[in-house]
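Chemist: A predicted structure for the sequence below; I have some questions about it.
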Amino acid sequence: MKDEPVLRDKNESLWRSLGDVTTAGVTLKNPILTASGTAGHGAELAPYFALSSLGAVVVKSLYPTSWPGNPPPRVQNTPSGMLNAVGLQGPGVEAWVQHDLPALLAVDATVVASIWGHTVQHYATAAEQLVDSTSKLVAVEVNLSCPNLEGRAAMFAHDAELSADVMRVVTERLGSSGIAIWAKLSPNTDRILQIVESVQNYGATGVTLINTLLGMQLDISTRRPTLGNGGGGLSGRAIHPVAVRTIFDVRQAFSQLPIIGVGGVANGSDVVEMMMAGASLVQIGTATFADPRAPQKILHEASRLMGTLGASKWGDVLNAAH
Ligand SMILES: Cc1cc2nc3c(=O)[nH]c(=O)nc-3n(C[C@H](O)[C@H](O)[C@H](O)COP(=O)(O)O)c2cc1C
């Protein structure tokens, strides 16, 4: 089989002129990243645009072993968004390190690994499995929006103590490598500030806000949910104001904490809005399902917009709404 040519960004000068971004324990060439679970496990988007043009590619969350995910249907359209219950299907960390990570590095992508678990020990194991690869990664994002299947039944990200337990075991295993560790949090809680404080105390170099909102859609003819799993996570345009509000509130309470913003970003203006609310990095998720080139298009749009706003570097708009 003939190798695909590695794509380059012909409009690189647009974002290069705004300089690198140093935040949340990383220095990236620009602040635009993919969102976990929306850009594959490896280099799936490489045929569409230069993955090397993004600040980083955040891969789909990985479990210590392969994981089958949920029964179909796994995604449904909703007004101004989508519902998904993919159920974190994946190859497991070790297979990912062997097959997907090399494919990403081969196209010069900057890589953020994402891990998840059903128990604190699962997160510890997944982190351990990444120890020998930290030099090939720029950060590890810890997806805390997962149900805890032992002890207190709760989503890790809805419980400050459980979130701290996870961050502690991950930091114990990866902290000495110096790699950035981001905690990805859920908007489905009224205790977000407590949870942010807790993950910060246990080693998070940044918080990723937000994961999907809990949702459900029914088929009135069958009287059953349209997703195989029953409920799912709402993402896309519909949740953008929720993401902006969460980022704004967290920034107001924690003036120095690096925030990675995600939720319904579909154009350059959404990026700038999130930065003004307090996000120094911005991830593109559901927009990629409508157009696989969306992350790069949005990067170009945001870069042009910075010029029209009179900003000469990304940091010029950061926290501007406060
Ligand atoms: C199909 C799908 C799969 C997702 N898988 C993951 C995942 O594996 N890990 C994770 O942390 N977030 C996952 N997410 C959440 C996204 O990373 C993001 O936080 C959320 O969708 C909001 O951003 P968006 O509106 O731009 O999609 C997934 C979202 C979608 C739509």
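Modeler: Noted; the coordinates are in hand. Numbering: from 1, shown residues only.
Chemist: tell me the secondary structure at V166.
Modeler: Of the three states, V166 takes helix under DSSP: H, G, I helix; E, B strand; the rest coil.
Chemist: ok, it - contacts?
Modeler: When contacts are counted by CB atoms under 8 Å, 6 or more residues apart in numbering, V166 touches G117, V120, Y123, V142, L144, F156. C-beta here means a position set from N, CA and C on the backbone, and glycine is covered the same way.
Chemist: so which bits of the protein are right by the ligand?
Modeler: 35-38, 60-61, 75, 84, 86, 88, 114, 143, 184, 211-212, 235-236, 239, 262-265, 285-286 (CB under 6 Å from any ligand atom).
Chemist: inside strands: which ones of the residues you listed?
Modeler: V75, N84, S114, N143, K184, S235, V262 (DSSP state E).
Chemist: what's the burial count for the first one?
Modeler: To tie it back to what came earlier, the one meant is V75. 16 (other CB atoms under 10 Å).
Chemist: how about the nearest residue to it, chain neighbours excluded?
Modeler: Distances taken as CB to CB, 6 or more residues apart in numbering put N84 closest to V75, at 4.7 Å, once the chain neighbours are dropped.
Chemist: correct me, but that neighbour touches N77?
Modeler: No - taking contacts as CB atoms under 8 Å, N84 lies outside contact range of N77: 10.6 Å.
Chemist: take the ones in strands among the residues of the chain next to the ligand and write them to JSON lines, including pLDDT.
Modeler: As requested, those are exported to JSON lines (pLDDT from 0 to 100):
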{"residue": "V75", "pLDDT": "94"}
{"residue": "N84", "pLDDT": "95"}
{"residue": "S114", "pLDDT": "98"}
{"residue": "N143", "pLDDT": "97"}
{"residue": "K184", "pLDDT": "98"}
{"residue": "S235", "pLDDT": "98"}
{"residue": "V262", "pLDDT": "98"}
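Chemist: ok, which pair from these is furthest apart?
Modeler: V75 and K184 (19.8 Å; CB to CB).
Chemist: so which residues make contact with stretch 143-155?
Modeler: Residues outside stretch 143-155 that contact it (CB under 8 Å, 6+ apart) are 36, 61, 88, 114-120, 156-157, 159, 162-163, 166, 183-186, 188-189, 199, 211-212, 233.
Chemist: sitting in helices, which of these do you find?
Modeler: Members of the contacts of stretch 143-155 lying in helices (criterion: DSSP state H): V120, L162, S163, V166, V199.
Chemist: which of the contacts of V166 ranks first by neighbour count?
Modeler: For those, counting by other CB under 10 Å, the largest number of neighbours falls to V142: 32 neighbours.
Chemist: does it have beta-bridge partners, and which?
Modeler: I115, A183 (DSSP bridges).
Chemist: my read: it touches W182, true?
Modeler: Yes - if you go by CB under 8 Å, V142 and W182 touch, sitting 6.8 Å apart.
Chemist: overlap in contacts, the two.
Modeler: Common neighbours of V142 and W182 (criterion: CB under 8 Å, 6+ apart): A204.
Chemist: closest residue of this protein to the ligand?
Modeler: G37 (1.8 Å; CB to the nearest ligand atom).
Chemist: could I get the phi/psi values of V138?
Modeler: For V138, the backbone dihedrals are phi -100, psi -30 (criterion: degrees, to the nearest 10).
Chemist: that one and V57 touch, don't they?
Modeler: No - judged on CB under 8 Å, V138 makes no contact with V57 at a distance of 9.7 Å.
Chemist: okay, the two: which has more neighbours?
Modeler: The residue with more neighbours, out of V138 and V57, is V57; 25 against 22, by other CB under 10 Å.
Chemist: can you tell me, leaving aside adjacent residues, what's nearest to the more buried one?
Modeler: In space, and not counting its chain neighbours, V57 is closest to A109: 4.6 Å by CB to CB, 6+ apart.
Chemist: count the neighbours of the residue nearest to R74 when sequence neighbours are not counted for me.
Modeler: Among residues not flanking R74 along the chain, V86 sits closest, at 4.9 Å (CB to CB, 6+ apart). By other CB under 10 Å, the residues close to V86 number 17.
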